[in-house]
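Trainee: Give me the fold of what follows.
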Amino acid sequence: MQQTAVKYGIIAGIATVLYLLVFHQMDRALLLNPLVYWSPILVAVVTMTMVVKKVRNDNDGKIEKKEALKQSFLTYVLVYLFFSLFVFVLFNFIDPELVELQKQAMLDAGREIEGLDFTMTFGKILFQYAYMLIPGFFLSYMVASFMKK
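Mentor: Take a look at the predicted model:
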């Protein structure tokens, strides 16, 4: 059963990366838009719901909340792993000038950037990934609660 979550998680992770690459190619500044940057959460929730529904249908229309939570959270973990790795590669190798674009956007918005560290090190990305697993667990719990039967 975990194969379903892994399969869908990888597909959604790749789709998320491609989605963000499209915005990057259209206009680099769009990638820094919060609505675009955080939209993979929506992709993850839709995919989590699809995974739980598929596993539930494969089990004669029944799934326990524990199993639904496990499936949905594993999907989220994989989607955000792809997202986090993509952000690291994008900011460090594909388009390092995004950091300067981000600084300028913050200055234009009237925000203070003095003393802020804009580097995207692997450690920072790993910490952000681990931090994002917390809301991911709550989203998984909500999906599991709604989808259980």
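
Trainee: State the distance from residue 137 to residue 48.
Mentor: 11 Å (C-beta to C-beta, to the nearest Å). C-beta here means a position set from N, CA and C on the backbone, and glycine is covered the same way.

Trainee: nope, residue 117 is what I meant
Mentor: Distance, residue 117 to residue 48, using C-beta to C-beta: 33 Å.

Trainee: Also residue 102?
Mentor: 29 Å.

Trainee: out of the two, which sits in the more crowded spot?
Mentor: residue 48 (30 against 18; other C-beta atoms under 10 Å).

Trainee: Contact partners for the closest residue to the more buried one other than its chain neighbours?
Mentor: Among residues not flanking residue 48 along the chain, residue 72 sits closest, at 3.9 Å (C-beta to C-beta, 6 or more residues apart in numbering). By C-beta atoms under 8 Å, 6 or more residues apart in numbering, the contact set of residue 72 is 5, 48, 49, 51, 52, 139, 140, 143, 144, 147.

Trainee: again with residue 86
Mentor: So residue 86 contacts 16, 17, 20 (C-beta under 8 Å, 6+ apart).

Trainee: quick one: which of the residues you listed is nearest residue 78?
Mentor: The shortest approach to residue 78 among those belongs to residue 16, at 10.2 Å (C-beta to C-beta).

Trainee: show me the contacts for that closest one.
Mentor: With the criterion set at C-beta under 8 Å, 6+ apart, residue 16 makes contact with 40, 43, 44, 79, 82, 83, 86.
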